[in-house]
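Engineer: need the 3D shape of this:
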Amino acid sequence: MNLLLSLPVLATATAAVQNQPPVLFGHKGLALFVILAGVAVFIGLVALVGRRLGATHPDAPADAPAQTAPAPASVGADADAEAPEVLAAIAASIYVMLGPKAKIMEVRTPAPSVEALMQMWALEGRRQIYTSHNFR
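Structural biologist: Take a look at the predicted model:
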């Protein structure tokens, strides 16, 4: 039993005498494989624990958004972005459907996608380039 405990010390001492760093298990490829296998096992254990916790702890219910009453004359934050004709059409359709006592509290428009924004910037850049040229 004393012989087994002294083998790693002997290998380290031999490597130090030869000015070489000690290599795990005596082979670099095997050492790399053992380390990577250990990392893979660790990642697998973390994934299993995460799945177990996800199954036993459901998502918390979302808090209800605060109900704030906007001003009756408010047409939303993007009122300048909407054309007056569109707002008039919305108001007319609400009046027809719900009657004169209905109030429009807010009008929301979906935000443009990233692709649409990129296309708008490209078109604006082209417009600036074309308008900067002098025609003869």
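
Engineer: then stretch 123-136 to CSV, C-alphas only?
Structural biologist: What follows is stretch 123-136 as a C-alpha-only set of coordinates in CSV (Å, rounded to 0.1, in the frame of the first residue of the first chain):
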residue,chain,number,x,y,z
LEU,A,123,-33.7,54.1,-48.5
GLU,A,124,-32.9,57.3,-46.6
GLY,A,125,-29.2,56.9,-47.3
ARG,A,126,-29.9,56.4,-51.0
ARG,A,127,-32.2,59.4,-51.0
GLN,A,128,-29.5,61.6,-49.4
ILE,A,129,-26.9,60.4,-51.9
TYR,A,130,-29.2,61.0,-54.9
THR,A,131,-30.2,64.4,-53.8
SER,A,132,-26.6,65.5,-53.2
HIS,A,133,-25.7,65.0,-56.8
ASN,A,134,-25.9,68.0,-59.1
PHE,A,135,-27.7,67.4,-62.4
ARG,A,136,-26.3,69.0,-65.6
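
Engineer: buried ones in stretch 107-116, by neighbour count?
Structural biologist: For stretch 107-116, a neighbour-count test (16 or more other C-beta atoms under 10 Å) marks residue 107 as buried. For the C-beta atoms, the positions are set from N, CA and C on the backbone; glycine is no exception.

Engineer: now the terminal residues of it, how far apart.
Structural biologist: Distance between the two ends of stretch 107-116: 21 Å, counting by C-alpha to C-alpha, to the nearest Å.

Engineer: now it: mean pLDDT?
Structural biologist: Per-residue pLDDT over stretch 107-116 has a mean of 80.
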